[in-house]
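Visitor: Please find the sequence and the predicted model below.
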Amino acid sequence: MIRFDHMTKRYEGGRDALRDISFEIPKGELVFLTGQSGAGKSTLLKLLALIERPTRGQVIVGGRNIGRLPPSQIPRYRRQIGLVFQDNKLLQDRSAFDNVALPLVIAGMHPREIGKRVRAALDQVGLLKKEKSPPRTLSLGEQQRVGIARAVVSRPGLLIADEPTGNLDPELSLDIMRLFKRFNDIGVTMVIATHDLNLLDQLGGKRLVLKDGEIADHNLPGGVS
Amino acid sequence: MHPLRHYFGLHRKNAVEAFGELLQKPVATALTITVIGIALALPAALNLLVKNGQGIADSFEGVRDFSVYMKPGVDIDVAEKLAGKLKAKGTIASVRLISADDALAELQEVSGFESALGALNTNPLPHTLVVSPTEMATTFQLQDLGRELQNQPGVDQVRIDTEWVERLNAILDLLNRSVSIAGLMLIAAVIIIIGNTIRLDIQSRRDEIEVLKLLGASDGFVRRPFLYEGIWYGLLGGGFGMLIIILSAGILAEPLETLTGLYQSNFALQGFDPATIGAMLGGGVLAGWGGAWTAVSRHISAIQPT
């Protein structure tokens, strides 16, 4: 599903955020990306979301070298992945329903179909009753769940989450991670960046540990060179 | 559902949402619309003015009468004799003699100077011959005739009545071109105003645009609501401009009627014709769309999530 091949990302100014990274994540895998802040976790996720481009080497997702994707193809690519953010990035002037509906509206789906899909997604995260609420009236945990519903509503094959529990207390964090696990169980490939090591022990999944822009440790099934 | 209907449905949704966006900030929207309305009303009003002037000038089309003013104190017999001589000419269709007394009476009737005129002891007006040439008479013949009459005993002045119409036409031609220039400049101003308004709007919704792009929205998707916003500004501005003109025309109608009445013209004030309405609303929409386009084409693709 995902393959990094001798990939280096150098930011302007000459600092290597990631250096000669190679690994492979099979389809349907749940991978936790860990490491201290500054280790390159966010950069790796940005490369997967095509917010950043590799300086050298390849990033291959679903068989395509996305590092070479022309800018006009980026929106189409992003519609095929789900993104979850630490600060959830919900639009505050719209209801939970409208937030979750956004990816489908962007994809040009018919309103009737959108309604069905959005309610199904909100149901999956346990917030069907709060569809009309604006995000700020919801608790942080609930907001993050709306963010997850938005990420999965278009049924992407790949879900990327950057510190999704970074703003939550341990109990809520476990809830959120269990939610991710449920989506992983139905076959969604997941890459979740987190520094919350306690959680990982309870959840299983694979690990990819970054340190100073390089892979320090991993238990991915082969493919890492 | 038919894909085309779905497509138009999306556009209608964009248009409605863009309108809602304007209602979110009523004061700013009202100010913008007012400025656009004034900018559009100015050239349209000038255009109407010129067109109405043209109407006045046209109502005198084909009139080539000229007036022969006798010297004050010249006896009416002299004027009558001259009238008889003129009638005999082949180039003259008719001659009407307005005696000084008749002229005074007429002036009192139409001009509202009764009291001032009543204060005069003597009639200051001369006898006048209103000479109507035949259709056949050429301009040269009339000019010759004018010179000839000038030298007749008892004649004070020969005045071609339509001279002022020619002058008016020349002024109107000048005005017409000025209106075109002013119109272009003001349309440019509207484009800039709307472009700048939309640009500020894009900046204030930067976070939202970033989120949309992260969720896979194309530039085209992000652009569309802003383009509709521009179209609304233009349309509402055009409508407001029309309101300004209708009100102005209402205020001007009565004095204008009095004025044209003095010139014995059967002129009627021309209000809005479909072409002007179309030009104002269509011009507004085009300028709105164009202005929005100048903003979105530069600023939307520049916003990228980081």
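Guide: Noted; the coordinates are in hand.
Visitor: what are the ranges of the helices in chain A?
Guide: A:41-48, A:74-78, A:96-106, A:111-124, A:140-152, A:170-185, A:197-203 (DSSP state H).
Visitor: Could you dump these into CSV and include distance to chain B, mean neighbour count and mean pLDDT?
Guide: Bear in mind the C-beta positions are built from the backbone N, C-alpha and C, glycine included. Formatted as CSV, the helices of chain A follow (distance: least, CB to the nearest CB, whole Å; neighbours: other CB atoms under 10 Å in any protein chain shown; pLDDT from 0 to 100):
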stretch, distance to chain B, mean neighbour count, mean pLDDT
helix A:41-48, 8, 22, 93
helix A:74-78, 4, 18, 94
helix A:96-106, 5, 24, 94
helix A:111-124, 8, 17, 92
helix A:140-152, 8, 24, 93
helix A:170-185, 17, 17, 87
helix A:197-203, 25, 13, 78
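Visitor: Any residues of the stretch 201-306 of chain B in contact with chain A? List them.
Guide: B:208, B:211-219, B:221, B:304-306 (CB under 8 Å from any CB of the partner chain).
Visitor: Among these, which has the minimum pLDDT value?
Guide: Among those, B:T306 has the lowest pLDDT, at 82.
Visitor: Which residues are in contact with B:I231?
Guide: If you count contacts by CB atoms under 8 Å, 6 or more residues apart in numbering or on different chains, B:I231 has them with B:15, B:18, B:285, B:288-289, B:292.
Visitor: Mark which of these are part of strands, please.
Guide: Of the contacts of B:I231, none are assigned to strands by DSSP state E.
Visitor: between the residues you listed, which is closest to B:R147?
Guide: B:V285 (57.6 Å; CB to CB).
Visitor: Quick check: which element contains B:L46?
Guide: helix B:26-59 (DSSP states H and E).
Visitor: Kindly report the same for B:L235.
Guide: Going by DSSP H and E, B:L235 is part of helix B:219-262.
Visitor: What about the residue of the stretch 51-200 of chain B with the smallest separation from chain A? Give its phi and psi, please.
Guide: Residue nearest to chain A within the stretch 51-200 of chain B (CB to the nearest CB): B:L200, separated by 17.3 Å. For B:L200, the backbone dihedrals (degrees, to the nearest 10) come out as phi -60, psi -40.
Visitor: so B:N121 sits in a helix?
Guide: No. Counting by DSSP: H, G, I helix; E, B strand; the rest coil, B:N121 is not found in a helix; it is coil.
Visitor: where does chain B dip in pLDDT?
Guide: B:1-3, B:60-63, B:111-112, B:161-163, B:263-271 (pLDDT under 70).
Visitor: Per-residue pLDDT of the residue nearest the centre of chain A, please?
Guide: Central residue of chain A (CA atoms, centre = their mean): A:I160, 1.3 Å from the mean position. Note for A:I160: predicted pLDDT of 95.
Visitor: now the closest residue in space to A:L33 that isn't next to it in sequence, which residues is it bridged with?
Guide: Closest residue to A:L33 apart from its sequence neighbours, by CB to CB, 6 or more residues apart in numbering or on different chains: A:A193 at 4.3 Å. Here A:A193 sits in beta bridges with A:L33, A:D162, going by DSSP bridges.
Visitor: Let me know the distance separating A:A193 from B:V155.
Guide: Counting by CB to CB, to the nearest Å, the gap from A:A193 to B:V155 is 106 Å.
Visitor: So for these two, which sits in the more crowded spot?
Guide: A:A193 (24 against 20; other CB atoms under 10 Å in any protein chain shown).
Visitor: Correct me if wrong: that one contacts A:S42.
Guide: Yes. Counting by CB atoms under 8 Å, A:A193 touches A:S42, with 6.8 Å between them.
Visitor: Quickly list what's touching both of the two.
Guide: Joint contacts of A:A193 and A:S42 (CB under 8 Å, 6+ apart) are A:D162.
Visitor: How far does the helix holding B:L235 sit from its chain's centre?
Guide: Distance of helix B:219-262 from its chain centroid, counting by CA atoms, centre = their mean, to the nearest Å, is 14 Å.
Visitor: Tell me what angle it forms with helix A:96-106.
Guide: Orientation note: helix B:219-262 sits at an angle of 90 degrees relative to helix A:96-106 (axes from the mean of the first three to the mean of the last three CA atoms, to 10 degrees).
Visitor: how far out from the middle of the chain is stretch B:278-294?
Guide: That offset, for stretch B:278-294, works out to 21 Å (CA atoms, centre = their mean).
Visitor: Can you point out the buried residues in that stretch?
Guide: Buried residues in stretch B:278-294, counted by 16 or more other CB atoms under 10 Å in any protein chain shown: B:279-281, B:283-294.
Visitor: repeat for stretch B:237-257
Guide: B:237-242, B:244-245, B:249, B:252, B:256.
Visitor: cool, and stretch B:96-105?
Guide: Quick answer for stretch B:96-105 (16+ other CB under 10 Å): B:97-100, B:103-104.
Visitor: Tell me the span between the first and last residue of it.
Guide: 16 Å (CA to CA, to the nearest Å).
Visitor: just stretch A:5-21 next, same as before
Guide: 6 Å.
Visitor: That one and chain B, are they touching?
Guide: No. Judged by CB under 8 Å from any CB, stretch A:5-21 stays clear of chain B, getting no closer than 11.5 Å.
Visitor: Hmm, A:L127 and A:E142 touching each other?
Guide: Yes. Assessed by CB under 8 Å, A:E142 is found in contact with A:L127 at 6.2 Å.
Visitor: Next step: the buried residues of stretch B:96-105 restricted to helices.
Guide: Using DSSP H, these in helices are B:100, B:103-104.
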